[in-house]
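**Student:** Got a predicted structure plus its sequence, pasted below:
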Amino acid sequence: MKKGLCIFLIVSIFLYSQTQVFIKITKNLVEKADIFLILRVERNDFFTKLSETLSQDLKFSGYFNIDGSKFTDDIEKIKKNITTQLILTIEQKKENISVKIEDGLEKNILFENDYKYLKDPRYLSHIICDDIVEKLTGKVGIAKSKIFFTADKTGRKQIYQIDYDGYNLKQITNVDYLVNYPRYLEGKSILFVSYKDGWPKLSKIDILTNKIHPFIAFPGLNACASPCKKTKEIVLVLSVSGDPEIYRANFDGKIIKRLTYNKGIDSSPSFSPDGKEIVFVSDRDGKPQIYLMDKDGYGIRRISYISNYCTSPVFSPDGNFIAYIFSEENRFGIAIYDINTGKTKKISNLQCEEISWAPNSRHIVYSHISKKNSLMVIDIFTKEIRTLLSGDFNCFSPNWVILEEN
């Protein structure tokens, strides 16, 4: 009996220690866990870059504060002088790199994995960080994610791709006509609005081959495509009937159903992750506001009441929130509508335009209105902001995604 009680207490203490760490970085989304990096490796360009990038990746995840990093030949000696909540160690082996995270107080191993060497230490860091985030929080990591957007860097609007941390800017399209509104479809395919021949239609590009194919091209407006990966369907705006209305199509570009019948303007639809609901903008009450409906166009109800101008709604990838742009005293902010409570929180004075959720449903990338529109990232819980891309050109219509691997 005493032995059973002893085992129970030991297990309870172990679980309590782990739970304290997990609660801190998953339940209280404003508070972060402090982490210290110790590297027992050769101090060369590869591991220096790995350490720097991993520190940044962990910081950008929103869950960690970096308390420091140190190269050493004796990990245990360094650990004796560290009181940080979490300790991350990296050890160099012949064929692998060993990564561990332990509770700095109780010394319990919270994460442990070996990784093969890669040529690019930045990408290896992204892999490690995403594994850590998923293991410790249960949330998807964003370090390997990409952001597609439109920019006038060449003097004409083209589609670009950039890593989530602002590295590896890459031009996707190089055409002599206007393009806009890139939206990731599946595999290596992106939908976008093409003004080839002078009118807006939807086209699809393979980002590996750069081959462009027509997708949906009815007379009039073809725009604002929002794919749902789960149902393999798309909501979009067409004006083939006269006024801009919302339709549902499949991934082959075949129209399934018209969803709205309104004399005003219905636009900017966004699918919920489960494909059951659609959020959109309508001026049916006189001013642009945000509405929800089911995937067949029924049960329409308004959810925005904080401003006379609300637009650009987007479902979060976890389905818990809808973010949209609102106007307040001639400035633009982001509103976060909580699906479960029906309550709305405002993040004001951002001077933002188009928005896109990160795959972790924690961060949002937005186009910042300035002399030259830049791309900014905000953590909706801590309100921390970082610049993703800023230069002598304008950036528009971001779309933050995790590319499917072949």
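**Tutor:** Received, thanks.

**Student:** Chain neighbours aside, what residue packs nearest to S51?
**Tutor:** S69 (5.4 Å; CB to CB, 6 or more residues apart in numbering). Backbone N, C-alpha and C define where each C-beta goes, glycine included.

**Student:** Could you pull up the residues touching the one you found?
**Tutor:** Contacts for S69 (CB atoms under 8 Å, 6 or more residues apart in numbering) come out as F36, L37, I38, L39, S51, S55.

**Student:** List only buried entries from those residues.
**Tutor:** F36, L37, I38, L39, S51, S55 (16 or more other CB atoms under 10 Å).

**Student:** For the residue nearest the centre of the chain, give me phi and psi.
**Tutor:** The centre of the chain sits closest to A358, judged by CA atoms, centre = their mean, with a distance of 1.0 Å. Main-chain torsions, A358, degrees, to the nearest 10: phi -70, psi 160.

**Student:** Look up how far S61 lies from it.
**Tutor:** Look at A358 and S61: by CB to CB, to the nearest Å, they are 10 Å apart.

**Student:** Common neighbours of the two, please.
**Tutor:** What both A358 and S61 touch, as defined by CB under 8 Å, 6+ apart, is the set I142.

**Student:** for the chain, what helix or strand is lowest in average pLDDT?
**Tutor:** Ranked by mean pLDDT, DSSP states H and E, the weakest helix or strand in the chain is helix 2-26, scoring a mean of 45.

**Student:** Can I get the next helix or strand after that one in PDB? Just the C-alpha atoms.
**Tutor:** Counting by DSSP states H and E, the next helix or strand C-terminal to helix 2-26 is strand 33-40. In PDB, the C-alpha atoms belonging to strand 33-40 read as follows (Å, rounded to 0.1, in the frame of the first residue of the first chain):
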ATOM      1  CA  ALA A  33       8.200  30.300 -21.100                       C
ATOM      2  CA  ASP A  34      11.800  31.300 -20.700                       C
ATOM      3  CA  ILE A  35      14.300  29.100 -22.600                       C
ATOM      4  CA  PHE A  36      18.100  28.900 -22.700                       C
ATOM      5  CA  LEU A  37      20.000  27.300 -25.500                       C
ATOM      6  CA  ILE A  38      23.200  25.300 -24.800                       C
ATOM      7  CA  LEU A  39      25.200  23.900 -27.800                       C
ATOM      8  CA  ARG A  40      28.000  21.300 -27.400                       C
END
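
**Student:** Pull up the pairing partners for strand 33-40, direction included.
**Tutor:** strand 64-71 (parallel), strand 86-92 (parallel) (DSSP bridges).

**Student:** Could you name the specific helix or strand carrying the closest residue to T344 other than its chain neighbours?
**Tutor:** Leaving aside its chain neighbours, T344 sits nearest to Y337 (4.9 Å; criterion: CB to CB, 6+ apart). Element membership for Y337 (DSSP H and E) is strand 331-338.

**Student:** Show me what the next helix or strand after that strand packs onto, helices and strands only.
**Tutor:** Using DSSP H and E, the next helix or strand after strand 331-338 towards the C-terminus is strand 344-347. Secondary-structure packing of strand 344-347 (3 or more CB pairs under 8 Å, 6 or more residues apart in numbering; DSSP states H and E): strand 331-338.

**Student:** So for the strand it packs on, what gets flagged as buried?
**Tutor:** F332, G333, I334, A335, I336, Y337.
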